[in-house]
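In: Fold the following, please.
(chains A and B)
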Protein chains: 2
Amino acid sequence: MQIYNAPLRDMRFVMHELHGSAAHLDRIGKSGVTSELIDSILEEAGKFASEVLLPINASGDEEGCHYENGVVRTPRGFKQAYDQFRESGWSALAAPAEFGGQDLPDIVGKMVEEMQCSANLSFSLYPGLTQGATLALLGHGSDELKARFLPKMIEGVWSGTMNLTEAHCGTDLGLLRTKAVPQEDGSYRITGAKIFISSGEHDLTENIIHLVLARLPDAPKGVKGISMFLVPKFLPTGDNKPGPRNGVTCAGIEHKMGLKASATCQLVFEDAVGWLVGEPNRGLAAMFTMMNAERLSVGIQGLGVAETAYQSAVHYARERLQGRALSGPRRPDLAADPIIVHPDVRRTLMTIRAYVEGCRALSGWVAQALDLEKLGPDPETRRAAEDFVALMTPVVKALFTDLAFETSSMALQVYGGHGYIRDHGMEQLVRDARICMIYEGANGIQALDLVGRKLPAHMGRMLRGFFHPVQAFIEANAADPRIMPLARAFGALQQATAHIAQAGLKDPEEAGAAATDYLRLLGLVALGYMWARTTQVAEAKLPTANGDASFYQSKLTTAQFFNERLLPQAGALWTAIKAGKESMMALDSAAF
Amino acid sequence: MQIYNAPLRDMRFVMHELHGSAAHLDRIGKSGVTSELIDSILEEAGKFASEVLLPINASGDEEGCHYENGVVRTPRGFKQAYDQFRESGWSALAAPAEFGGQDLPDIVGKMVEEMQCSANLSFSLYPGLTQGATLALLGHGSDELKARFLPKMIEGVWSGTMNLTEAHCGTDLGLLRTKAVPQEDGSYRITGAKIFISSGEHDLTENIIHLVLARLPDAPKGVKGISMFLVPKFLPTGDNKPGPRNGVTCAGIEHKMGLKASATCQLVFEDAVGWLVGEPNRGLAAMFTMMNAERLSVGIQGLGVAETAYQSAVHYARERLQGRALSGPRRPDLAADPIIVHPDVRRTLMTIRAYVEGCRALSGWVAQALDLEKLGPDPETRRAAEDFVALMTPVVKALFTDLAFETSSMALQVYGGHGYIRDHGMEQLVRDARICMIYEGANGIQALDLVGRKLPAHMGRMLRGFFHPVQAFIEANAADPRIMPLARAFGALQQATAHIAQAGLKDPEEAGAAATDYLRLLGLVALGYMWARTTQVAEAKLPTANGDASFYQSKLTTAQFFNERLLPQAGALWTAIKAGKESMMALDSAAF
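Out: Here you go, the predicted structure:
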């Protein structure tokens, strides 16, 4: 059985203690959002996740979505859970008040999102995509479109999707063929076939608002000829009820490795009515507002799944009796010791824990930047925050999701054969986690985005926004021997950065050859920095912690584990990077 | 679609060129087995795998096994394929002629095994377990049991199983409860419940021969009170036909993450008639004859799946058009370049390739030792071979299967979203591969076996059998700069070995804390040694290779890739190991 209780204590630590929520909220003009309010929201969100979403996670996987004649039915319990989700106001949490949202900061919204992903990844996609579509509309839609669609979407009565992929193009959107023909009334008629559309058709909301990439008749070739359109499933009536059915139908759903309760749809648009969102031929930029938000969300999905995998593995490791501790029996009263006494089980649990808590800390930092990007007190702060979000988006997306797959598989391993059978739900977590490495830009694409776009942007300005605080921290703590692993890893990262800047300038394939290892290296340093700062905070709190002493002590121990056992991978990554492209690119395609 | 063509060229390279099959066959007194004979067997086996087993791999996964009222039906096509398998003599390939086998050496048998695992892992388990049961009977059965059961099993008319696990005990067999009561006629009555029994019930053979661990009434507690019994599904008649049904029934099959066409059974023994195999209370040792053989086989399963994942990914990477090469369009005649031009796709394919070919080379070395263990010309040779097999068994099992999961997941990634849906069969490979890390002793147990049993055995004698040739090779090639990565990794391995010997002696938990990283480190060095030797052979052959030049050149390039990009992980592993157990073991169980 999957175990999940929202890690409230750690979330409070990350938000309030590590990242100083009080000062942050002041800074973004939201001092009315007290830490008491935040904590009670987190507590309620945790209850909702554990009590409503978790119980339909395994059953949703077992049953899957049903497709018949263009209609998609979600698994048993999903509609009720969604209604409850909407009625409790979770869909409006971080949305702007102007359109009916609750205007809570992202530092809260992202934690709540994590909980929903932990409890039921498939479920989380339905509101998750609505949220992304909301952002795209907010950023690029006309006032009329915003007024007409946003309130219903933020209320959760209507949901959203993003329609990019076609059978012959996923990564390479320049190849897309869907067409949009302008009409006299200012609308467009959209025709084409899209695949892999999450939540493209379902029974949770009364209408579905598709954001669709298509080409205008006179559009230039490639990615510079793509426009974005809003295409609702039902055309809204004057009083904004779902009216006549639009020309978009679901031709089928995919049978997938996991994420089975999320409907992955083939959508066919035939003369469907749509409206342009943003400028003609600038659709990719508009879609990237949504895409970038989704990339961060997918990273958080990975974190969420890994947390459930961790908790489930801990539960089993405490319950399962097998063998005796190498240092002698710990529970002579029982037939065997619980397997949590065994070093290799410890190694597994500590590894998952060190990654999960490190990722949560980093996620909290990025969420703060999301707030500052919008609400920072001055342009310089907002610009710096925007840079940081842009730099960290591919890192969060790829690092968190690679780790989610690795760690959920480790958690399965704790269960032995019992993890491989369906009964405990561990294998579902592994299957579900696997998609996160792929969608919203496969992780290799994230790495290319990092080295090809983010590193060189503005002469390295984005990177400096991350390097400077890390370097300053290392220098300020140079006397502490525990800083050495981070200092060493950061040194490797600096060398790798210089290598890519030089070699990549001459030959872009050199940057490509380094990309994936570089992203992991930067990610490890980011986690290492989070653990170093966590160490400092925990150490300061420990003397007066009383009942919380074990919490802070565990932070110190986990930081030590991360430093000793995981962060040293940085060296091997730098060695691999400096080898360059030669052996990677030498084989002729026919020789493989 | 899964792609598999037996890698015959690489198999011939490993067997004949790298490991010198001609001298080896002379040495074991089988010079009659010519390389022409071997090559034609491999070719036939490859055809059988691709033409008979592969076509029912995805359909077998989709359909799964059927259970009704104690009867298990394998998926469509499995019975026909098995009949063809048996009739073609594949079940008898490496079995002793005395009981109807073909007496071919293991260097051939293991390659054929790999092909079957590549084409259809689920299928391979049915004959695979029969082979293991055959070995256990050969090693420990009475002449009467051998004469009665072995010919039918080797012919493939009857199949075999191993019954160890019970619901409350997998790793910790000391807890097992199944009972055996002696009867006046010298037989026993077995009663108990077993779970996770692969091929425990199915429709492929006319009888199933279970090897069952159980306790005699007066047996001491723990693992020293376990005996092994042969319990057939049908009691053989005087003329060795299946007679009356025995008291063993299948109570259900497991629903698993993968391996769905292999029946994983719950078996209930109720006063089932059985015969003792080997000495009373020495059942675990007898079962370990089978278990050790199976562990090697599971490693080869991993290698097999990884090969298919590799070939499938290469196929897709050559066909899928997406994006342009970073160095400029390669196929301007097409809408986009095939994705094999992208460095990150190359990195993925080269990584899989370097691991798969390295593992095959190592597997060939171990298979040679299997032959020498039985047929070596003198006791010293046989003893050294036995040592080597014992040392490498946990390494092959855990390293190959960890890598199989990692690399099949990498291969899935090459397909992007198309890898996550069922259509291409990539996600099946990942799901199938995952079990190999668990069964026949979870990989953490393999690591403990390596550091806790194999390292200290005979004052390190087993390890020296591996260290000496590696060290000698490094010394002999000290002038070649390409030996440096191996020399460095071997240095790390030597230090890690010394650390474990010292720290582990004082505190066994220190050895436990190092185990998994140590196994990977030793595995990397073993692969690195294989690649270094491969380099030498390929370089010697290249000048006169003519049509084969590309093959040898690819070996050199892949070796370089392994040295530069993968072997350097050794350093990080040693750093992790030397951290010791402190941070791993410090947390209180309640603090997780």
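In: What is whatever helix or strand residue A:484 lives in packed up against?
Out: Element membership of residue A:484, judged by DSSP states H and E, is helix A:484-506. Applying 3 or more CB pairs under 8 Å, 6 or more residues apart in numbering or on different chains; DSSP states H and E, we find helix A:484-506 packed against helix A:461-476, helix A:508-541, helix A:569-578. Using the backbone N, CA and C atoms, a C-beta is placed for each residue, glycine as well.
In: Which strand or helix spans the nearest residue to residue A:136 once chain neighbours are set aside?
Out: Nearest residue to residue A:136, sequence neighbours excluded (CB to CB, 6 or more residues apart in numbering or on different chains): residue A:290, at 3.8 Å. Applying DSSP H and E as the criterion places residue A:290 in helix A:283-319.
In: C-terminal to that helix, which secondary structure element comes first?
Out: Scanning forward in sequence from helix A:283-319, with DSSP H and E defining helices and strands, the next element found is helix A:343-375.
In: and the angle for that following helix with helix B:569-578?
Out: Following axes from the mean of the first three to the mean of the last three CA atoms, to 10 degrees, one obtains 110 degrees for the angle between helix A:343-375 and helix B:569-578.
In: Excluding sequence neighbours, find me the nearest residue to residue A:170.
Out: Here the residue nearest residue A:170, using CB to CB, 6+ apart, is residue B:416, at 5.4 Å.
In: ok, the one you found touching residue A:172?
Out: No - shown here, residue B:416 and residue A:172 do not form a contact pair, counting by CB atoms under 8 Å, at 10.7 Å.
In: residues in contact with the residue of the stretch 51-200 of chain A found nearest chain B?
Out: Each residue of the stretch 51-200 of chain A has a distance to chain B, by CB to the nearest CB, and the smallest belongs to residue A:172, at 4.3 Å. With contacts defined as CB atoms under 8 Å, 6 or more residues apart in numbering or on different chains, residue A:172 is in contact with B:321, B:322, B:323, B:336.
In: repeat that with 10 Å
Out: Residue A:172 is in contact with A:222, A:223, B:320, B:321, B:322, B:323, B:324, B:335, B:336, B:337, B:339, counting by CB atoms under 10 Å, 6 or more residues apart in numbering or on different chains.
In: what about the last one, distance to residue B:345?
Out: From residue B:339 across to residue B:345, the span is 5 Å (CB to CB, to the nearest Å).
In: what residues do these two have in common as contacts?
Out: In the contact map built from CB under 10 Å, 6+ apart, the residues linked to both residue B:339 and residue B:345 are A:444, B:316, B:317, B:320, B:322, B:323, B:414.
In: Can I get those residues in TSV including pLDDT and neighbour count?
Out: As requested, those are arranged in TSV below (pLDDT from 0 to 100; neighbours: other CB atoms under 10 Å in any protein chain shown):
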residue	pLDDT	neighbour count
A:444	97	26
B:316	98	23
B:317	98	23
B:320	95	22
B:322	94	22
B:323	92	22
B:414	98	28
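In: I figured residue A:281 was touching residue A:217, is that so?
Out: No - checked against CB atoms under 10 Å, the pair residue A:281 and residue A:217 is beyond contact range at 11.6 Å.
In: Who has more neighbours out of these two?
Out: Neighbours were counted for residue A:281 and for residue A:217 using other CB atoms under 10 Å in any protein chain shown; residue A:281 has more, 18 against 8.
In: List the contacts of the residue nearest to residue A:136.
Out: With contacts defined as CB under 10 Å, 6+ apart, the neighbours of residue A:290 are A:129, A:131-137, A:139-140, A:160-162, A:164, A:211, A:228, A:440.
In: Also residue A:18?
Out: The contact partners of residue A:18, taken as CB under 10 Å, 6+ apart, are A:10, A:12, A:360-361, A:364-365, A:530, A:533-534, A:536-538, A:555.
In: Any idea how far stretch A:228-242 is from the middle of the chain?
Out: Relative to the centre of its chain, stretch A:228-242 is centred 29 Å away, using CA atoms, centre = their mean, to the nearest Å.
In: so how far is residue B:447 from residue A:343?
Out: The spacing between residue A:343 and residue B:447, counted by CB to CB, is 10 Å.
In: ah, wrong one, I meant residue A:239
Out: Distance from residue A:239 to residue B:447, by CB to CB: 67 Å.
In: now do residue A:352
Out: 18 Å.
In: just residue A:11 next, same as before
Out: Counting by CB to CB, the separation of residue A:11 from residue B:447 is 34 Å.
In: Pick out whichever of those two has more residues nearby.
Out: Neighbour tally, residue A:11 and residue B:447, criterion other CB under 10 Å: the higher count belongs to residue B:447, 28 against 25.
In: what about that one, which SS state?
Out: Going by DSSP: H, G, I helix; E, B strand; the rest coil, the secondary structure assigned to residue B:447 is helix.
In: Repeat that for residue A:274.
Out: When the structure is reduced to helix, strand and coil (three-state DSSP), residue A:274 reads as strand.
In: Name the residues of the stretch 151-300 of chain A found near chain B, please.
Out: On the criterion CB under 10 Å from any CB of the partner chain, chain B has as its neighbours in the stretch 151-300 of chain A the residues A:165, A:167-175, A:195-196, A:254-259, A:264.
In: What remains of these if I keep only buried residues?
Out: Using 16 or more other CB atoms under 10 Å in any protein chain shown as the burial test, these include A:165, A:169-175, A:195-196, A:254, A:256-259, A:264 as buried.
In: out of these, which are inside strands?
Out: With strands identified by DSSP state E, the entries of those that belong to them are A:195, A:196, A:264.
In: Any buried residues in stretch A:287-298, and which?
Out: Within stretch A:287-298, the residues that count as buried by 16+ other CB under 10 Å are A:287, A:289, A:290, A:291, A:292, A:293, A:294, A:295, A:296, A:297, A:298.
In: Spatially nearest residue to the first one (excluding sequence neighbours)?
Out: What that stands for is residue A:287. When the adjacent residues along the chain are set aside, residue A:287 lies closest to residue A:228, with 5.5 Å between them (CB to CB, 6+ apart).
In: What's the first helix or strand after the host helix or strand of that neighbour?
Out: Secondary structure from DSSP H and E places residue A:228 in strand A:227-232. Counting by DSSP H and E, the element after strand A:227-232 in chain order, helix or strand, is strand A:234-236.
In: ok now the helix or strand following that following strand, how far from the chain's centre?
Out: Once strand A:234-236 ends, the next helix or strand along the chain (criterion: DSSP H and E) is strand A:242-245. Taking CA atoms, centre = their mean, one finds the center of strand A:242-245 at 33 Å from the center of the full chain.
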